[in-house]
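J.: this one's structure only:
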């Protein structure tokens, strides 16, 4: 088997025409990513992506990981994962160290798939489905003078495109305003559209429970990140107090990070990100852990077409939770904010038709990267 010859990090960034924010108050003015390219001695190239600050991911890869994987067999993907994790776990068992490792793991799976001539989902157990229902993530805060109007208009636009599920941001500092905004969106899209809310962990436990009980009356399907991710006991309280599902975990890492969450059923839905939580290898383990405890796994996705493709393969291999005559398969998060790396990076963009996205069938990730886009947006 050909050995790993070269590891390259492509740090890219692009300005956002209409900056947006969430409850955290951070103004998104740029979209960026750290794209990982791994090449073998016989010329097979695999692509991966790291979630989070791109320059930090590149620093980890170039200083810690790349030197340890040169000359190794990419088919030893989980052997490599364990070696790299044990190399950095004294100071990096969470956060950007694992995000950087995720990008390498995805790229290795892409190489394995291309070498075998098979899509990744065929290599991790097979496809339970050939397509997935997606939900539109959007409805951030843009025009502070038209918070309700802009949310209604954006939501109606997604419904017109065919989306049957939408996730909107809340956490405006006023529960009354949050409720008014969610109520307006619910009335605008009707009762047949699935509606979720995401607070980006801005509430206290009592505030989350009070607001959650009101959101239940609006048939909100899940309440994402109601409180700070560090407060596991608080998540248990909120989850037990509400009838609707509580979701979280996009900022958790590895099977060890998710172990207590699922064992205590602190959340109804865990949302590992394949570009952050440890790659495809580790997210498979997280999903198995969740299934063993009766917790749903609906991955978080926020990045380029590479991360989106990796998420689709992961979703294809996830069994229905629970299996039934008419199952409710896990949803794909399809964020809709400005993002040239989602829309322009691949020869054939990943698109939705009436809310449905096809699982890629080509070898590896099943996508072809346009290097000119990497060159156009490259950060020196």
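T.: Sure thing, it's come through. Keep in mind the model is a prediction, meaning the values are calculated, not measured. Numbers count the residues shown, from 1 in each chain.

J.: low-confidence stretches in this protein?
T.: Flagging of the chain using pLDDT under 70 yields the residue ranges 1.

J.: centroid-nearest residue for it?
T.: residue 301 (2.0 Å; CA atoms, centre = their mean).

J.: surely that one touches residue 308?
T.: Yes: proximity of residue 301 to residue 308 meets the contact threshold set by CB atoms under 8 Å, at 6.0 Å. C-beta coordinates here come from the backbone N, C-alpha and C atoms, glycine included.

J.: what do these two both touch?
T.: Here residue 301 and residue 308 have residue 334 as joint contacts, going by CB atoms under 8 Å, 6 or more residues apart in numbering.

J.: related to what we said a few turns ago, so who does the residue nearest to the centre of the chain touch?
T.: Applying CB under 8 Å, 6+ apart, the residues near residue 301 are 273, 274, 307, 308, 311, 332, 333, 334, 335.

J.: run through the bridge partners of the nearest residue to the last one once chain neighbours are set aside.
T.: Okay, so that is residue 335. Spatial nearest neighbour of residue 335, excluding adjacent residues (CB to CB, 6 or more residues apart in numbering): residue 137 at 4.1 Å. Bridge pairing for residue 137 (DSSP bridges) gives the partners residue 167, residue 335.

J.: mind giving me the domain split of the protein?
T.: What automatic domain parsing lists as the domains of the chain is 4-117+370-377, 122-358.

J.: got these as a markdown table, with distance to residue 364 columns?
T.: Below are these laid out as a markdown table (distance: least, CB to CB, whole Å):
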| stretch | distance to residue 364 |
| --- | --- |
| domain 4-117+370-377 | 3 |
| domain 122-358 | 9 |
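
J.: what kind of secondary structure is residue 357 in?
T.: strand (DSSP: H, G, I helix; E, B strand; the rest coil).

J.: now swap in residue 115 and tell me
T.: Assigned with three-state DSSP, residue 115 falls in the helix class.

J.: what do you get for residue 256?
T.: Per three-state DSSP, residue 256 ends up helix.

J.: need the contact list for the nearest residue in space to it that is not next to it in sequence.
T.: Taking CB to CB, 6+ apart as the measure, residue 256 lies nearest to residue 93, with 7.2 Å between them; neighbours along the chain are not counted. Shown in contact with residue 93 (CB under 8 Å, 6+ apart): 85, 253, 254, 256.

J.: and the strands in the stretch 201-350 of the chain, which stretches?
T.: 220-224, 245-248, 269-270, 296-297, 332-335 (DSSP state E, counting those that start in this stretch).

J.: reformat the ones you listed as a markdown table; add distance to residue 354.
T.: Converted to a markdown table, these look like this (distance: least, CB to CB, whole Å):
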| stretch | distance to residue 354 |
| --- | --- |
| strand 220-224 | 19 |
| strand 245-248 | 24 |
| strand 269-270 | 24 |
| strand 296-297 | 24 |
| strand 332-335 | 12 |
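
J.: of all the ones you listed, which one is nearest residue 119?
T.: Smallest distance to residue 119 across those (CB to CB): 15.9 Å, for strand 332-335.

J.: so what touches the closest one?
T.: Around strand 332-335, the neighbours that count as contacts under CB under 8 Å, 6+ apart are 132-138, 167, 298-302, 308, 311-312, 315, 342, 352, 357.

J.: out of those residues, name the ones that lie in helices.
T.: 308, 311, 312, 315, 342 (DSSP state H).

J.: can you name the two of those that are farthest apart?
T.: 315 and 342 (16.4 Å).

J.: neighbour-wise, which of the two wins?
T.: The neighbour count for residue 315 versus residue 342, taken as other CB atoms under 10 Å, is higher for residue 315 (28 against 24).

J.: how close does the residue nearest to the centre of the chain sit to residue 233?
T.: As judged by CB to CB, to the nearest Å, residue 301 and residue 233 stand 28 Å apart.

J.: wouldn't residue 98 be in contact with residue 273 here?
T.: No: using CB under 8 Å, residue 98 makes no contact with residue 273, being 10.3 Å away.

J.: residue contacts, residue 84?
T.: So residue 84 contacts 64, 65, 68, 69, 101, 104 (CB under 8 Å, 6+ apart).

J.: and if you look at residue 226?
T.: 199, 201, 203, 208, 211, 212, 238, 246, 248.

J.: likewise for residue 72?
T.: 3, 4, 80.

J.: for residue 351, same thing?
T.: residue 357.

J.: run the last query once more with 6 Å
T.: Residues near residue 351 by CB atoms under 6 Å, 6 or more residues apart in numbering: none.

J.: and for the one 10 residues further on?
T.: The neighbours of residue 361, taking CB under 6 Å, 6+ apart as the test, are residue 119.

J.: excluding chain neighbours, what is closest to residue 287?
T.: residue 297 (4.4 Å).

J.: cool, and residue 243?
T.: residue 216 (5.8 Å).

J.: cool, residue 322 as well?
T.: residue 294 (7.9 Å).

J.: count of residues packed around the one you found?
T.: Count around residue 294 with other CB under 10 Å applied: 11.

J.: next: residue 146.
T.: Neighbours of residue 146 using other CB under 10 Å come to 11.

J.: go on, residue 243?
T.: 7.

J.: could you do the one 3 residues further on as well?
T.: The number of residues packed near residue 246 is 24, by other CB under 10 Å.

J.: ok, it touching residue 237?
T.: No: at 10.0 Å, residue 246 does not count as touching residue 237 under the criterion of CB atoms under 6 Å.

J.: for the contacts of residue 93, which one is nearest residue 153?
T.: residue 253 (36.6 Å).

J.: pull the contacting residues for the closest one.
T.: Here residue 253 is in contact with 94, 98, 277 (criterion: CB under 6 Å, 6+ apart).

J.: mind pulling up the phi and psi values for it?
T.: phi -140, psi 140 (degrees, to the nearest 10).

J.: quick thing: my sequence starts at 586, can you match it?
T.: Got it, the first residue is 586 from now on, which makes the last one we talked about residue 838.
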